[in-house]
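Trainee: Sequence first, then the predicted structure:
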Amino acid sequence: MPKIIFIQPEGQQTELEVPNGTSLMQAAMTNGVPGIVAECGGSAMCATCHVYIDDNWQAVLPGMDAVENEMLDSVADERRPTSRLSCQVLVTPEMEGMTVHLPGVQV
Ligand code: FES
């Protein structure tokens, strides 16, 4: 199970061992990592599971579809080139050690 590191805006880190195929949103919610709301439950309809994933991990991320791209225009915090919806990123072995930054606000 890849280790994923969630980092709060204030710098607090939570390391989780996440089963392959689990979304970053599910992993955070299941383990009580603060900072993700996920109002729609993972359907790419709410934009309250926004995260930032560092540039050096972009190559291992799944492609972004049009729905996710559109929803990212609705995030509460700043949209950046590294913005993703965490419900749309399923963990793979290549993500071992990946860092995921939570935004300051979700709603
Ligand atoms: S949980 Fe709603 S868009 Fe990800």
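Mentor: Nice, thanks for sending it over.

Trainee: residues in contact with the residue nearest to Val75 when sequence neighbours are not counted?
Mentor: Of all residues not flanking Val75 in the chain, His50 sits nearest, at 4.3 Å (C-beta to C-beta, 6 or more residues apart in numbering). C-beta here means a position set from N, CA and C on the backbone, and glycine is covered the same way. His50 makes contact with Leu72, Val75, Ala76, Asp77, Ser83, Arg84, Leu85, Ser86, Pro103, Gln106 under the criterion C-beta atoms under 8 Å, 6 or more residues apart in numbering.

Trainee: how many neighbours does the third one have?
Mentor: It stands for Ala76. Per other C-beta atoms under 10 Å, the neighbour tally for Ala76 reads 14.

Trainee: Give me the phi and psi for it.
Mentor: phi -70, psi -40 (degrees, to the nearest 10).

Trainee: May I ask you to confirm that it is in contact with Cys46?
Mentor: No - counting by C-beta atoms under 8 Å, Ala76 does not reach Cys46; the two are 10.6 Å apart.

Trainee: picking up where we left off before, the residue nearest to Val75 pairs with what?
Mentor: Legend: beta-bridge partners of His50 under DSSP bridges are Leu85.

Trainee: Now do the same for it: its pLDDT.
Mentor: Looking at His50, its pLDDT reads 98.

Trainee: can you tell me how far it sits from the ligand?
Mentor: 8 Å (C-beta to the nearest ligand atom, to the nearest Å).
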